[in-house]
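> Dropping the sequence and predicted coords here.
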Amino acid sequence: MSAGPLVASAVGILILVVTAYVLVGGTLATTEVVVEAQSNLAMNQEARMRTAIEIQNTTIVDNRTLSVEVKNTGSEPIVDIPLIDVYLHIEDAPVYVPYGTGWSKENITPDDIHPGEFDPGETLTLSITHEKDANPAWVQVVTPNGVSCSAYTR
């Protein structure tokens, strides 16, 4: 008997083993990625459930500035303050204007525990600049994880 069929059979079996190894490895890697994504999703949803904010007060400071006091009433600190979104509705304007860069952090009171972070029980004062002589009617503040609160400015 010649060695040709034996070599061909051995190569065929080797290719089957390598293919099975690649398929099983790909399946395990995909499963690991899916499990990691699901655990991150659950962790983010739990943090969102613990997050709550409330607008305490709005004050029109001058013809260009609206001051908004936001209290963290949840149990989750808000760390990424620059990622907070602010939406402002101007009276007699057809759309809501996102003020992603048109606001600034004035202060956090009391800011004793973690300086610079918006911890539970603290009040964040935002200063929102708008067009001169515009009448802001409504403001909405949205945290980086999607929790929001809105209030009329009058």
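Nice, thanks for sending it over. This one's a predicted model, so the numbers in the text were calculated from it and none came from an experiment.
> Which SSE is immediately downstream of the lowest-mean-pLDDT helix or strand in the chain?
The weakest-scoring helix or strand in the chain, judged by mean pLDDT, DSSP states H and E, is strand 96-98 (a mean of 62). For strand 96-98, the following helix or strand on the C-terminal side (DSSP states H and E) is strand 103-109.
> from what I can see residue 137 touches residue 154, true?
Yes. Between residue 137 and residue 154 there is a contact under C-beta atoms under 8 Å: 7.0 Å. Just so you know, the C-beta spots here come from the backbone N, C-alpha and C atoms, and that holds for glycine as well.
> out of these two, which sits in the more crowded spot?
More crowded of residue 137 and residue 154, by other C-beta atoms under 10 Å: residue 137, with 14 against 10.
> Any regions of this structure where pLDDT drops low?
Where the chain drops to pLDDT under 70, the residues are 1, 94-101.
> Walking through it, point out its strands one by one.
53-60, 65-72, 85-90, 96-98, 103-109, 123-129, 136-142, 148-152 (DSSP state E).
> Report the angle between the third one and strand 65-72.
Between strand 85-90 and strand 65-72, the angle formed by their directions is 140 degrees, by axes from the mean of the first three to the mean of the last three C-alpha atoms, to 10 degrees.
> thinking again about what came up before, a markdown table for the strands of the chain, including distance to residue 29?
As requested, those are arranged in a markdown table below (distance: least, C-beta to C-beta, whole Å):
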| stretch | distance to residue 29 |
| --- | --- |
| strand 53-60 | 40 |
| strand 65-72 | 40 |
| strand 85-90 | 36 |
| strand 96-98 | 39 |
| strand 103-109 | 43 |
| strand 123-129 | 43 |
| strand 136-142 | 36 |
| strand 148-152 | 37 |
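> I appreciate the help and will end here.
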